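Participant: Sequence plus the predicted model coming up.
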Amino acid sequence: MAEKKVVIVGGGVAGASLAKNIQNQANVTLIDPKEYFEIPWASLRGLVEPSFAERIVINHREYFKKGDLVVSSAVNITETEVFTADGQQIAYDYLVIATGHAEPIPKTRTERLDQYKAENAKIKSASSILIVGGGPTGVELAAEIAVDFPDKKVTIVHKGVRLLEYIGQKASSKTLKWLKSKKVDVKLEQSVEVKSSSEENKTYETSNGETIEADAHFLCIGKPVGSTWLRETLLKDDLDGDGRIKVDENLRVKGRSNIFAIGDITDVQEIKQGVYASGHAQLVAKNLKLLIEGGGKENKLGTYKAQPPISIVSLGRKTAVAQFPFITVLGRLPGMIKSGDLFVGKTRKDLGLEPNVKKS
Ligand SMILES: Cc1cc2nc3c(=O)[nH]c(=O)nc-3n(C[C@H](O)[C@H](O)[C@H](O)COP(=O)(O)OP(=O)(O)OC[C@H]3O[C@@H](n4cnc5c(N)ncnc54)[C@H](O)[C@@H]3O)c2cc1C
């Protein structure tokens, strides 16, 4: 019997994990606009230490050896095929959408590593740095810079009333206090419109009319949900108001028997975390195996239970703030869980790779 065709759209945390897991069970095609998988929560360390980025930018071919890799963006789907921006038409029996967040980043690993080096040079040559956005990316970047380059003046401008709004108030207050202790200036309830003139003059004006002088700036305002490409497709009515795909308890798109969605793109009611995205991938790998085996195993499909709002935000190399179900702590203990290696060795091992990159 011909092998079933599984097409995975998106090679992020969820898509990469599924592709690794299911490659020997079906005829798998992975579609991603770049040749590599990148560990998102470790990228800010890569900005202060570019050699760290070599471990976090991993060519898809390193862990996904068996199936087909299409380096392009998906632009449309029908009930049997996926269409890509470079004109390919890829047939599927089962489709898995894992397009979490979309942002333009380079196509090749070498280009991406060069980008890390350039951003690092920008940090090193600046005496003052403006970070726009106080979500996890802005906070982690500010902390990385404050710890590794304590003499640089770092300012965060955040339009919300508190930092890290995706988790609780306690985590925000503790983080604010810690950042202040590291001399990071945090301006809440303000925004900055970055114009080319502000970059030239190294002067930025906030919505309150305050002036910030900075040699360099970083925009950390969150990436858009990666579902724009689905808006004119057969799944157009399966998106919620935030653009997330509505899924059932088996992580299938509601009402569809052969289309799944996993990771940040889903409307599962939990905070969006890579560890949960990997959990989705594992469940869907099992469900796909059952469906591929056939024999009426539909009623044996695994169901997904939304996870509690646990999150750890690293604050430089040794400290972190962690929200657990009954306690929120900031200090060395949560830092020991995340901040040293940022789960990079573990993520690489999960993909079947050495924790470190061998020097050639
Ligand atoms: C600063 C920061 C720290 C974090 N820390 C943690 C942490 O400590 N622990 C944790 O568990 N999580 C953490 N997260 C969250 C975690 O990174 C996300 O939950 C995770 O990346 C979601 O995975 P995903 O595969 O769903 O989406 P993504 O990782 O966003 O991957 C989506 C993929 O789809 C591709 N794509 C998009 N559109 C298309 C298209 N049209 N066609 C083809 N491909 C497409 C993209 O190129 C990308 O490869 C952190 C996030 C940030 C920003």
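Facilitator: Arrived safely.

Participant: G296: neighbouring residues, count only.
Facilitator: Residues lying near G296 (other Cβ atoms under 10 Å) number 6. C-betas here are computed from N, CA, C, even on glycine.

Participant: hmm, the one helix or strand I31 maps to in reach of the ligand?
Facilitator: In the assignment (DSSP states H and E), I31 maps to strand 27-32. Yes - residues of strand 27-32 contacting the ligand under Cβ under 6 Å from any ligand atom: I31, D32.

Participant: residues contacting the residue nearest to G135 when sequence neighbours are not counted?
Facilitator: Closest residue to G135 apart from its sequence neighbours, by Cβ to Cβ, 6 or more residues apart in numbering: G222 at 5.8 Å. G222 makes contact with G133, G135, T137, according to Cβ atoms under 8 Å, 6 or more residues apart in numbering.

Participant: How about E205?
Facilitator: Contacts of E205 by Cβ under 8 Å, 6+ apart are V192, E193, S198, T211, I212.

Participant: Are we agreed that it is in a strand?
Facilitator: Yes - counting by DSSP: H, G, I helix; E, B strand; the rest coil, E205 is located in a strand.

Participant: Only the buried subset of the contacts of E205, as a PyMOL command please.
Facilitator: The buried residues among those can be selected in PyMOL (16 or more other Cβ atoms under 10 Å) with this line:
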select buried, resi 192+198+212
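
Participant: Which of the contacts of E205 fall in strands?
Facilitator: T211, I212 (DSSP state E).

Participant: in the stretch 251-360 of the chain, what spans have low per-residue confidence?
Facilitator: Along the stretch 251-360 of the chain, the model assigns pLDDT under 70 to residues 358-360.

Participant: List, one by one, the residues from it near the ligand.
Facilitator: G263, D264, I265, K272, Q273, G274, V275, A277, I312, K338.

Participant: Report the closest residue of the stretch 251-360 of the chain relative to the ligand.
Facilitator: Here the stretch 251-360 of the chain gets closest to the ligand at one residue, G263, 2.2 Å apart by Cβ to the nearest ligand atom.

Participant: remind me, longest helix of this structure?
Facilitator: helix 274-293 (DSSP state H).

Participant: gap between it and the chain center?
Facilitator: 19 Å (Cα atoms, centre = their mean, to the nearest Å).
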